[in-house]
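Enquirer: just to be clear, the model below is a prediction. Sequence and coordinates:
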Amino acid sequence: MCAASVSITGPESVCGDGPDDGLVFTCEHAGNLIPAVYRELFRADQSLLDSHRGYDPGAMLMARTLARAFSAPLLSSTVSRLLVDLNRSIGHPRLHGEPVRGTPVEVRQHILRKFYRPYRERAERLVMQSIADSGRVVHISSHSFVPELNGKRRRADIGLLYDPTRAGEVDLCRRWKDMLVSRAPEFIVRRNYPYEGKGDGLTAWFRRRLPPRVYVGIELEVNQAQVALAGRHWSAMRQVIVETLHSALVDFRGAGST
């Protein structure tokens, strides 16, 4: 089983000509697969793998919908975050799930070589190619979150995560939120919620390497309660997210945000 797959899909009519900035979509927690060589480690943990701790339900479909609508590249991994979390830095205490943390260092190093580093390298190639082609990249990382955590209800349907010290990210998220609120007032949209956008993750990794004028990184978080409604509701929500992102990007480009 490959750790990641890059998919470039055709456009849909919703986005027309689209914005000039290069777009790259990623989904670090697309699935909950465990490669055969490591399955014994998770023999008693299938329920854990099937939970939100094993993957982000709905995140891959959201990412695929966006990538197709914008005719943009999509990088994703279906290997469970419990084997290795591609959205964490090496050295992070939750880089591996509990079944892996107690394994010999050689096993963990092999997992990094086989799955983690190839994913980061592919993401870097996509981002750098987009910058070379367009002068700037807007990277959207697709995730989802549980409606309740540690007894506390998360009061949002959509979260937009960004680094508040980077003006371009602030501006794009402000525009996107305004578009969402106007187009779909039934959804609660919050910025830097339910997590802080400047925390550890793939977007933060890129920010350390690339200046704000060429890299804009946003994490899109969708409440899994919305995903669970499925059917027409979930399809309509994805469509709203696509359409409002397109409008926000057009305004963002026109404003010359950096």
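Expert: Sure, I can see it.

Enquirer: measure the closest residue in space to Gly197 that isn't next to it in sequence to Gly58 for me?
Expert: The shortest distance from Gly197 to any non-neighbouring residue, by C-beta to C-beta, 6 or more residues apart in numbering, is to Leu161 (3.4 Å). Heads up, the C-betas are built off the backbone N, CA and C, glycines and all. From Leu161 across to Gly58, the span is 16 Å (C-beta to C-beta, to the nearest Å).

Enquirer: who has more neighbours, the two?
Expert: Leu161 (25 against 21; other C-beta atoms under 10 Å).

Enquirer: lowest-pLDDT helix or strand in the chain?
Expert: Taking mean pLDDT, DSSP states H and E as the measure, the helix or strand of the chain with the lowest value is strand 5-8, at a mean of 38.

Enquirer: the next helix-or-strand element following that strand - contacts with which helices or strands?
Expert: Downstream of strand 5-8, the first helix or strand assigned by DSSP states H and E is strand 22-27. Based on contacts counted as 3 or more C-beta pairs under 8 Å, 6 or more residues apart in numbering; DSSP states H and E, the elements that strand 22-27 packs against are helix 59-70, strand 73-76, helix 117-134, strand 137-145.

Enquirer: which parts of the protein are helices?
Expert: With DSSP state H as the criterion, the chain has helices at 46-50, 59-70, 98-101, 105-111, 117-134, 167-183, 202-207, 224-229, 231-255.

Enquirer: out of those helices, the one nearest Lys152 is which?
Expert: Across the helices of the chain, Lys152 has its closest neighbour in helix 224-229 (14.1 Å, C-beta to C-beta).

Enquirer: got a list of contacts for the closest one?
Expert: Applying C-beta atoms under 8 Å, 6 or more residues apart in numbering, the external contacts of helix 224-229 come out as 52, 56-58, 144-147, 157, 187, 233-234, 237.

Enquirer: ok so, going back, Leu41: which of the helices and strands packed on strand 22-27 is closest?
Expert: Nearest of the helices and strands packed on strand 22-27 (C-beta to C-beta): helix 117-134, 19.9 Å.

Enquirer: what angle sits between the closest one and strand 137-145?
Expert: 140 degrees (axes from the mean of the first three to the mean of the last three C-alpha atoms, to 10 degrees).

Enquirer: mind checking pLDDT for Asp21?
Expert: With respect to pLDDT, Asp21 has a value of 74.

Enquirer: what do you get for the one 4 residues further on?
Expert: With respect to pLDDT, Phe25 scores 98.

Enquirer: try the one 4 residues further on
Expert: For His29, the model assigns a pLDDT of 98.

Enquirer: I'd say it and His143 touch.
Expert: Yes: contact criterion C-beta atoms under 8 Å: His29 and His143 qualify, at 6.4 Å.

Enquirer: please enumerate the shared neighbours of those two.
Expert: The contact sets of His29 and His143 overlap at 56, 59, 87 (C-beta under 8 Å, 6+ apart).

Enquirer: gap between the second one and Ser142?
Expert: Using C-beta to C-beta, one gets 5 Å for the distance from Ala59 to Ser142.

Enquirer: more neighbours: which of the two?
Expert: Taking neighbours as other C-beta under 10 Å, Ala59 and Ser142 compare with Ser142 leading, 29 against 26.

Enquirer: and the pLDDT at the more buried one?
Expert: The predicted local confidence for Ser142 is 98.

Enquirer: how about the one 5 residues further on?
Expert: Predicted confidence (pLDDT) for Pro147: 97.

Enquirer: quick one, what contacts it?
Expert: 153-154, 223-225.
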